[in-house]
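Engineer: here is a sequence with its predicted model. Questions after.
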Amino acid sequence: MGKTDSARKGRPRVHGIAARAGGWSARHRWAAVGIWVLFVVLAMGLGTAAGRVDVKDSEAMSGEVSRAIQITESAGLKNSVDETVLIQAEDASVKATAPEVRAAVDSVIEAVEATGEVTGVTSPYDSRSISDDGRTALVQFEITGDRETATERIEPVLTAVERVQGEHDGLVIEEIGDASMNKTFDDAFGEDFKRAELSAVPVALGILLIAFGALVAALLPVALAMTAIVATMGLMALVSHVQPMSETADSVMLLVGLAVGVDYCLFYLRREREERAAGRDARTALMIAAATSGRAVIVSGVTVCVAMAGMLFTGIAEFEAMGLASLMVVAVAMVGSVTVLPALLSLLGERVDKGRLPFIDRIKRSRGKGSGGGESRVWRAVLSSVLRRPWTSLVLAAGALAAIALPALGMNTQNLTLDQEFGDSLPIVQTYDRLNEAFPGGADPARVVVKADDISAAPVREALAEFRRQAVASGASKGPVDMVTHDAENVAIISVPLVGGSDQEKAEKSLDLLRDRVRPDTLLKAEGVEAPITGQVAGSKDFNDQIVGSVVPVFAFVIVFAFVLMLLCFRSLTIAVTSILLNLLSVGAAYGILTAVFQHGWGASLVGAEGVGAIISWLPLFLFVILFGLSMDYHVFVVSRIREARMQGRTTRDAIAHGVVSTAGVVTSAAVIMVAVFAIFGTLSMQSMKQMGVGLAAAVLIDATIIRGVLLPAVMALLDERNWYMPRWLRWLPDLTHDESALTDAAPAAAPAVRGDDEPERVTV
């Protein structure tokens with residue numbers, strides 16, 4: 001059949017990458033499915049064979065912390081993994097020198113040495129590691145072997161200490177240190193994430209069943225998302241040999257992959273069902289879906305990828321891993337949506353509606369919605385009110401979001417301490433508090449790594465002694481300030497308990513004293529000496545400072561590229577500007593909710609976040625990148641539908657009403673899935689995961705309701721024909737819009753444009 005005959009029968013002409021990909025996929029169904037399956041299997045197989053490289057401590061970030069690790073590694077010294085066993089009588093009158101405490105100390109030393117996993121065990125009676133009140137004693141030692149695997153080898157030591165605890169009633173005998181805290185963190189993170197993972201897929205599937213009312217249609221988006229995630233896991237292993245990955249990157253990849261994979265398939269599938277419900281044949285419906293929703297998926301996917309790429313500008317290896325992993329899973333999900341999905345829909349045909357749930361259909365019909373997911377009565381009522389009073393709607397909605405965003409102006413970010421992260425839910429938190437109470441700052445001491453040309457030279461020795469003296473005299477530490485010297489390597493490591501302990505703000509002030517006053521006045525006066533200061537407090541401060549320094553370049557990169565992409569894809573300066581402003585308002589509101597709940601404690605009891613008092617330092621930048629990308633999903637989809645209707649001859653207001661109401665079902669379904677999945681993370685025990693879940697869920701909910709349902713139509717209604725304004729001096733830019741003539745050929749005759757005296761006959765885009 002020739003092209004003319006095809007057009008005469010109402011089939012759309014194929015224009016654009018998405019439409020051509022969909023057309024090829026529909027014609028070569030088994031080949032498309034086979035290629036996708038082969039890609040997923042190959043990616044996973046090659047990734048497994050290549051193995052994965054994870055971020056090392058020395059690569060995690062730049063600055064003093066990284067330099068301290070480099071010095072010890074270059075000297076051939078292994079970065080020690082320090083552990084401490086706290087021994088304290090429950091009766092406050094019993095001192096550490098009491099016979100029962102001495103017996104317990106001996107038992108601990110014997111037990112940990114018997115594991116073969118420790119070295120350098122010191123008795124508190126030799127090292128004078130007894131608290132000022134004489135009540136608490138510390139047995140200290142190091143874990144043998146590689147620092148990177150210490151967490152995996154700490155279990156026998158923990159078991160030995162627990163056994164000693166069971167043999168000594170009336171005493172508190174608990175272990176804490178680098179490896180034990182990391183193991184606690186990893187176990188809690190693993191359990192939390194496993195719960196989220198096991199809950200997320202069933203929740204998404206359940207919502208899709210309600211949205212589509214058919215089992216096969218509901219399974220397709222989940223299947224596409226999961227295959228995209230599996231393929232990306234293999235690709236991450238391959239890429240990790242260039243850019244190391246991390247467990248956090250795995251978590252973010254799965255979260256983003258599930259969200260966008262389901263969203264993209266949902267957009268495509270709902271449009272295809274809608275066209276079939278309108279009476280079009282299967283091929284025509286599929287081609288229209290490819291030309292419209294397929295294009296929206298590509299535009300949205302590229303925008304999300306650009307947003308994720310912003311994390312590559314932070315200079316922090318963990319963020320670079322998260323950004324690259326997220327970028328890859330979005331790209332894979334996007335390609336799968338416009339290639340294998342049309343093939344599957346073509347293969348299934350009407351069978352895509354197999355496994356119908358009759359009661360869902362009855363509910364939809366009672367609400368005035370057909371199986372194609374047509375217009376929503378609720379959203380039509382809301383939109384009618386917005387379009388009647390656009391100025392009122394704009395002022396009220398924008399004012400409400402601005403008020404919600406206000407608390408973000410006083411946002412306090414920091415790396416959460418163990419007690420902030422877990423509260424009282426874990427025993428090690430109580431150990432952490434006991435240790436800080438008995439030895440202020442002892443749980444997280446600063447470590448000064450001193451490198452000299454000759455560590456035993458008299459000026460250097462004097463500088464080291466003076467540093468230890470001034471660390472206490474300056475008020476930065478209450479001591480004891482311990483030092484280990486490695487003469488052969490010309491390196492000395494000084495441990496300084498910081499005043500402030502678990503109070504991050506006070507501890508950072510003590511750290512600043514060491515770095516800015518004590519160190520320059522002592523160590524740095526000796527020729528050929530460098531002395532980077534590391535430790536948990538230093539790592540947290542440096543990480544926070546680096547994140548803050550990354551905000552401007554990352555924000556600028558994401559905003560500029562998103563603006564350019566919107567400009568090219570909609571050929572409208574107005575649409576590009578309003579897209580950015582609306583997304584920024586959505587992100588600002590999410591920041592405000594986070595600050596109000598987790599920092600100021602407003603409603604914190606509802607999500608189990610009492611007493612946190614801060615936002616984890618990486619979250620604001622992470623949220624901006626993720627939310628800016630995901631918000632574009634809805635925005636591109638809705639505005640594409642509005643533009644499509646306008647180009648088919650409707651007035652701008654009619655096009656707004658048609659575009660928003662006809663996409664309300666799919667946007668609502670996609671948003672409900674995202675909110676539900678993100679809310680699962682809001683129920684987890686770790687405050688960092690809880691903050692991420694609440695922030696993402698709140699932002700998506702705001703974006704899908706207030707932004708897309710009220711602000712977007714109000715702004716577009718007020719701008720009217722100015723929505724499509726493109727200055728002449730910008731018309732040389734490439735035209736990435738899709739050809740609406742393909743849709744008008746395939747569509748029933750659209751309502752003619754209603755022209756007023758001041759309305760142009762044709763819109764140029």
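Structural biologist: Thanks, I have the structure now.

Engineer: just for the stretch 251-400 of the chain, where's the confidence low?
Structural biologist: Confidence mapping of the stretch 251-400 of the chain against pLDDT under 70 gives the ranges 358-376.

Engineer: then the stretch 501-650 of the chain?
Structural biologist: Looking at the stretch 501-650 of the chain by pLDDT under 70, you get 501-502.

Engineer: can you give me the strands for it?
Structural biologist: Listed in chain order, the strands of the stretch 501-650 of the chain (DSSP state E, counting those that start in this stretch) span 533-534, 615-616.

Engineer: before we move on, what about the stretch 301-450 of the chain?
Structural biologist: 413-414, 446-451.

Engineer: by contact count, what packs against the longest one?
Structural biologist: Using 3 or more C-beta pairs under 8 Å, 6 or more residues apart in numbering; DSSP states H and E as the contact criterion, the neighbours of strand 446-451 among helices and strands are helix 64-74, helix 458-473, strand 491-496, strand 533-534. In this view, the C-beta of every residue, glycine as well, is placed from N, C-alpha and C.

Engineer: just the CA trace of stretch 174-193, in PDB.
Structural biologist: Extracted in PDB, the C-alpha atoms of stretch 174-193 (Å, rounded to 0.1, in the frame of the first residue of the first chain):
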ATOM      1  CA  GLU A 174      30.300  -2.900  74.700                       C
ATOM      2  CA  GLU A 175      32.400  -2.500  71.600                       C
ATOM      3  CA  ILE A 176      32.500   0.500  69.300                       C
ATOM      4  CA  GLY A 177      34.800   1.700  66.600                       C
ATOM      5  CA  ASP A 178      35.300   2.200  62.900                       C
ATOM      6  CA  ALA A 179      34.500  -1.300  61.800                       C
ATOM      7  CA  SER A 180      31.700  -2.000  64.300                       C
ATOM      8  CA  MET A 181      29.900   1.300  63.500                       C
ATOM      9  CA  ASN A 182      30.300   0.600  59.700                       C
ATOM     10  CA  LYS A 183      28.900  -2.900  60.200                       C
ATOM     11  CA  THR A 184      25.900  -1.500  62.100                       C
ATOM     12  CA  PHE A 185      25.400   1.100  59.400                       C
ATOM     13  CA  ASP A 186      25.700  -1.400  56.600                       C
ATOM     14  CA  ASP A 187      23.400  -3.900  58.300                       C
ATOM     15  CA  ALA A 188      20.800  -1.300  59.000                       C
ATOM     16  CA  PHE A 189      21.100   0.100  55.500                       C
ATOM     17  CA  GLY A 190      20.800  -3.400  53.900                       C
ATOM     18  CA  GLU A 191      17.800  -4.300  56.000                       C
ATOM     19  CA  ASP A 192      16.100  -1.000  55.300                       C
ATOM     20  CA  PHE A 193      16.700  -1.100  51.600                       C
END
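
Engineer: ok, and for that stretch, which residues are buried?
Structural biologist: Under the neighbour-count criterion of 16 or more other C-beta atoms under 10 Å, stretch 174-193 has 174-181, 183-185, 188-189, 192-193 buried.

Engineer: in the stretch 101-250 of the chain, which spans are helices?
Structural biologist: In the stretch 101-250 of the chain, the segments counted as helices under DSSP state H, counting those that start in this stretch are 124-127, 150-153, 155-167, 178-212, 215-239, 247-277.

Engineer: mean pLDDT lowest for which of these?
Structural biologist: Of all these, mean pLDDT reaches its minimum on helix 178-212 (a mean of 76).

Engineer: related to what we said a few turns ago, how about the strands of the stretch 301-450 of the chain, which one is nearest L568?
Structural biologist: Across the strands of the stretch 301-450 of the chain, L568 has its closest neighbour in strand 413-414 (34.7 Å, C-beta to C-beta).

Engineer: contacts for that closest one, please.
Structural biologist: Identification of contacts with strand 413-414 by C-beta atoms under 8 Å, 6 or more residues apart in numbering yields Q504, E505, S540, N544, I547, V548, A614, I615, I616, S617, L619, P620.
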